[in-house]
Structure formats: structure tokens, C-alpha cells
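Asks: build the 3D model from these lines:
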Amino acid sequence: MAFDPVSIVIIVLVLAFTLHGIYRIARSGKRRTILPSTRTNLTEHTSEGAKARRSRGRGSRRDRSLISATTESLGEGSTIGAGVQETEVSSREISVLEKRLEREGAKRGAVQISLMWNNWNDLDLHVITPSGEHIYHDHRKSTCEGELDVDMNFKPTSKTPVENIVWTRTPPAGVYRIGIRHYKIHKRGLFAWAPVLSKIHMKNATDYTVSVSIGESKRFYEGTVEKSNELQFVAKFAIAEPGQSDVIEKPQEAEEPQEAEEPQEAEEFSEAREVDALRRRVGTVHDGVSVTLNWDSSSDLGLSVITPDGSAVSFFDPEESKGGSFDIESFNPNEGRQVVSWSENPPAGDYSIIVQHFETEGEGEDSEFTVSIDNRGDEEEISGTISSDGSQVEAGTFVVS
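Replies: Numbers count the residues shown, from 1 in each chain. Predicted coordinates:
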């Protein structure tokens with residue numbers, strides 16, 4: 001005999017309430033008779049435990065600053081936490097994270113750490129700054145402008161929660177450490193009303209994903225955390241000093257034989273690679289080249305970049321065979337801005353920047369302009385003037401090695 005879905009739901013509900021009733025009857029034999037109060041003439045006294053329960057009942061979040069959390073040694077001697085894996089996530093998972101951050105109105109910035117998980121439990125995101133300051137639920141904003149702007153599930157409000165710590169301005173240089181704490185197991189729905197079933201159904205271990213965005217670079221870490229007063233270390237990362245050079249000074253010549261210098265040279269080379277990798281992560285160096293023309297007048301100017309093989313990249317020839325392109329998508333004829341760029345691996349050689357005047361509304365006047373060059377992280381700005389007679393000028397040159 002087949003059952004329809006409505007009948008199955010009714011049967012499940014009846015069984016759940018029956019089990020709940022049996023549980024209450026079994027417990028009733030252990031209850032003591034409650035006599036009338038003999039303290040009617042005594043001064044009213046409220047215990048600390050009752051005050052805490054009332055406070056939580058009114059919806060205020062419990063102060064967790066007294067819970068043990070060893071932050072000084074968090075991540076000491078390692079770059080990634082035990083049981084944590086750095087991973088490559090799919091575009092779908094990235095989209096899920098971005099939608100959650102957008103849903104909660106999360107801020108974006110130069111450095112952003114985000115945590116997401118998929119149940120009602122209350123997980124907390126923590127970051128220890130280079131100065132040792134602790135950003136978390138009870139200290140949401142640091143003196144270095146780091147801020148916890150999204151904090152979820154202190155009450156079970158979402159089964160798809162997210163938390164976010166962000167620096168909207170350039171953060172200080174140094175090492176940052178990320179931690180997670182599983183603060184509370186929440187229960188929702190039918191199981192919350194049936195104590196026996198809720199104990200079976202409650203989920204302790206929670207899988208999570210942490211995203212670390214530094215400039216254009218993104219890294220993802222995955223792990224599992226269980227309810228505990230301890231802070232679980234996830235990972236740490238470093239921010240380079242502003243203007244830190246890629247060049248490592250050549251060591252002074254030593255009197256020892258050449259063979260004795262080889263380990264030091266290898267160490268210097270390794271350090272140079274680490275500095276370069278760090279600067280790439282914070283966006284101060286990259287593999288691309290871009291040239292941007294800006295002007296503030298009614299004149300119609302045009303940007304062309306002549307490549308080492310003599311070809312031109314411009315509005316009229318927007319694509320170049322070796323990766324160069326004129327940014328058509330952001331081009332607006334009513335705005336004085338044009339961009340030519342190579343996203344990566346531009347051809348080596350000499351490049352020439354040409355600015356041409358096409359048309360002027362009203363009386364013809366000279367137009368001032370600026371050209372900004374970003375040559376793999378080395379930035380330069382050139383200012384110039386062009387007349388309204390349809391002429392063109394070479395604004396500048398640069399070399400890609």
C-alpha cells in the first residue's frame with residue numbers, strides 16, 4: 001500500500017510528539033514537588049547565572065573575552081594550521097562566497113579575510129595583526145583600520161552564513177594570523193522541540209572555507225572545526241613594506257675562497273625570490289603593462305601605443321597579435337580616458353606612446369593631458385600639451401626587458 005507525502009509527514013510528526021511525551025513521562029518520576037516559596041519577606045536576589053540567561057534571552061550577545069584564547073603562540077612555527085589545506089576552489093564556490101558577502105553588505109578592501117560554512121552553528125573568525133591586536137566579535141575594529149563588519153549566527157539566523165574582516169585602506173606591513181573558533185551548536189526546526197532527537201541530530205564538526213584576498217591575489221583554505229574554547233589556527237600571511245625594493249645588495253667580497261660564498265649567494269637568491277613573490281601578492285609588482293591617457297577638456301584625443309615590431313594598438317586597431325589590447329569595454333567618448341594594456345608577457349623591446357588630436361567643440365585651444373605608464377609595477381607619469389590642428393605627438397617611450 002503506497003502512502004502519499006502528506007500522510008508520511010503526519011506519521012513522522014505523530015511519532016516525534018509521542019517520543020517527546022514518553023521522554024517527559026520518564027523524567028517526571030525524578031522531579032521533586034515544588035513547595036510554595038518561603039522567601040516572600042526576603043530581599044529579592046538574582047543569581048549571576050540567571051542574569052546571564054536573561055541577557056541571552058533579550059538577544060544580547062555573550063561577552064566571550066573571558067574564554068581562554070591563546071593568541072600569542074597562535075601559528076607559531078608554521079604557516080598553515082593542523083588539518084587545514086590550501087586548496088583551489090571552483091568558480092561556483094567563489095560565486096557562492098561572493099553572493100553571501102553581497103547579501104550581507106560586506107565591505108571590500110585591499111586585504112579581506114572571509115569565512116563561510118553551511119549549517120546553523122556559530123563559528124567565529126579571528127585575525128591577529130602584526131602588532132598583536134586581536135580582531136574578533138568582542139573587538140571588531142583595530143587601531144590599524146582592520147574591521148569585522150559581518151558577524152553571523154550568534155543566533156541561528158542562517159544556514160548559509162559568512163563572516164568578514166577587511167582593511168579598506170592599506171594595512172601595516174608584517175605577519176597576520178587567522179584563527180577560527182566553534183563557539184556554539186545551534187538546533188532548529190522539529191528537532192529543537194524533541195530533546196532526545198535533538199541530541200542525536202545536533203552537528204558538532206563543521207566544515208569551513210576561508211578566503212584570503214590580498215590585492216588581486218586570492219588564496220583558499222579548507223578545514224573542519226569542532227565546538228571548543230580553543231582558537232584553531234588556520235593560516236598566516238605577510239604584507240610587504242611599502243616601496244620595498246626587489247634588488248638585493250651585492251654582498252661584499254670576502255677573503256675566503258669562492259666555494260665558501262656559494263651558500264650565501266643561494267640564500268640571497270632565495271630571499272630575493274621571496275620578496276618578489278610577496279610584492280606580487282600585495283599587487284606592487286605584476287607581469288602586465290598598461291598605458292592610460294587622461295585629459296580634461298572637450299577635445300577628442302586618441303591614444304596609440306607602437307610596439308617593438310612596429311604595429312599600433314589603438315581605438316582603430318584594438319587587438320594586437322601578442323596580447324596587447326585597447327580597452328573598448330570601459331571606453332566612453334564623453335570621458336577623457338583611454339587605456340591600452342598587456343595583461344601578461346608583453347613583447348620585450350622599445351615602445352612609443354602617441355597622442356593624436358581629432359576634433360574640438362567650439363574654439364580650438366591647446367589640450368593638456370597626462371599619460372600614466374605601469375610597466376610591471378614600475379609606474380611613471382608624463383604630462384604634455386597638444387594643439388587642436390589635428391596633429392599628433394610622441395608623449396613618451398618605455399622599455400620592456
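Asks: got the buried residues for stretch 84-100?
Replies: V84, E93, V96, L97, R100 (16 or more other C-beta atoms under 10 Å). From N, CA and C alone the C-beta is placed, and that goes for glycine too.
Asks: tell me the mean pLDDT over that stretch?
Replies: Averaged over stretch 84-100, pLDDT sits at 92.
Asks: next: stretch 346-357.
Replies: 91.
Asks: what residues of it count as buried?
Replies: Of the residues in stretch 346-357, those buried (16+ other C-beta under 10 Å) are P346, P347, Y351, S352, I353, I354, V355, H357.
Asks: ditto for stretch 114-133
Replies: Here stretch 114-133 shows 114-117, 119-129 as buried, counting by 16+ other C-beta under 10 Å.
Asks: I'd like the distance from it to the chain centre, please.
Replies: 12 Å (C-alpha atoms, centre = their mean, to the nearest Å).
Asks: again, but for stretch 144-156
Replies: So, by C-alpha atoms, centre = their mean, the centroid of stretch 144-156 is 13 Å from its chain's centroid.
Asks: if I look at G109, how far off is V96?
Replies: Per C-beta to C-beta, to the nearest Å, G109 is found 21 Å from V96.
Asks: give me the packing partners of whichever strand or helix holds E163, helices and strands only.
Replies: In the assignment (DSSP states H and E), E163 maps to strand 162-167. Applying 3 or more C-beta pairs under 8 Å, 6 or more residues apart in numbering; DSSP states H and E, one finds that strand 162-167 makes contact with helix 91-103, strand 111-117, strand 122-128, strand 146-150.
Asks: now tabulate these in TSV and tack on distance to I11.
Replies: Formatted as TSV, the helices and strands packed on strand 162-167 follow (distance: least, C-beta to C-beta, whole Å):
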stretch	distance to I11
helix 91-103	35
strand 111-117	33
strand 122-128	33
strand 146-150	41
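Asks: out of the ones you listed, which is closest to G174?
Replies: strand 122-128 (10.4 Å; C-beta to C-beta).
Asks: that closest one: what's the following helix or strand?
Replies: Counting by DSSP H and E, what follows strand 122-128 is strand 134-135.
Asks: ok, that next one: who's next to it in the sheet?
Replies: strand 122-128 (antiparallel) (DSSP bridges).
Asks: what angle do the partner strand and strand 146-150 make?
Replies: Counting by axes from the mean of the first three to the mean of the last three C-alpha atoms, to 10 degrees, strand 122-128 lies at 170 degrees to strand 146-150.
Asks: could you dump strand 122-128 to PDB, C-alpha only?
Replies: Provided in PDB are the C-alpha atoms of strand 122-128 (Å, rounded to 0.1, in the frame of the first residue of the first chain):
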ATOM      1  CA  ASP A 122      28.100  29.700  15.400                       C
ATOM      2  CA  LEU A 123      31.600  29.900  14.100                       C
ATOM      3  CA  ASP A 124      33.800  33.000  14.800                       C
ATOM      4  CA  LEU A 125      36.500  34.500  12.600                       C
ATOM      5  CA  HIS A 126      39.600  35.900  14.300                       C
ATOM      6  CA  VAL A 127      42.700  37.800  13.000                       C
ATOM      7  CA  ILE A 128      45.800  38.700  15.000                       C
END
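Asks: contacts for it?
Replies: 64, 69, 71, 74, 113-115, 117, 134-137, 146, 148, 151, 153-154, 156, 161, 163-165, 176-184, 186, 206, 208, 210, 225, 231 (C-beta atoms under 8 Å, 6 or more residues apart in numbering).
Asks: now the buried members of the residues you listed.
Replies: Going by neighbour count (16+ other C-beta under 10 Å), the contacts of strand 122-128 have 69, 74, 113-115, 117, 134-137, 146, 148, 151, 153-154, 156, 161, 163-165, 176-184, 186, 206, 208, 210, 225, 231 buried.
Asks: now the strand holding E163: average pLDDT?
Replies: On average, strand 162-167 scores 96.
Asks: and the next helix or strand past that strand?
Replies: Next element after strand 162-167 (DSSP H and E): strand 174-184.
Asks: now do that following strand: which elements does it pack against?
Replies: Looks like strand 174-184 contacts strand 111-117, strand 122-128, strand 206-214, strand 217-225, strand 232-239 (3+ C-beta pairs under 8 Å, 6+ apart).
Asks: now the closest residue to S387 other than its chain neighbours: how far from L301?
Replies: Closest residue to S387 apart from its sequence neighbours, by C-beta to C-beta, 6 or more residues apart in numbering: D366 at 5.2 Å. Distance, D366 to L301, using C-beta to C-beta: 12 Å.
Asks: now the helices for the chain?
Replies: 5-28, 48-57, 91-103, 195-201, 258-281 (DSSP state H).
Asks: ok, now which ones touch the most centrally placed residue in the chain?
Replies: A centroid search over the chain (C-alpha atoms, centre = their mean) returns Q112, at 2.9 Å, as the residue closest to the centre. Each residue near Q112 by C-beta under 8 Å, 6+ apart is listed here: N164, I165, V166, W167, S211, V212, S213.
Asks: most surrounded residue in those residues?
Replies: I165 (28 neighbours; other C-beta atoms under 10 Å).
Asks: about what we covered before: would you mind giving the buried residues of stretch 84-100 as CSV with distance to D389 added?
Replies: Below are these laid out as CSV (distance: C-beta to C-beta, whole Å):
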residue, distance to D389
V84, 65
E93, 57
V96, 56
L97, 54
R100, 56
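Asks: per-domain residue ranges of the chain.
Replies: 65-239, 289-400 (automatic domain parsing).
Asks: for stretch 381-390, buried residues please.
Replies: So, applying 16+ other C-beta under 10 Å, buried residues of stretch 381-390: I382, G384, I386, S388.
Asks: cheers, nothing more for now.
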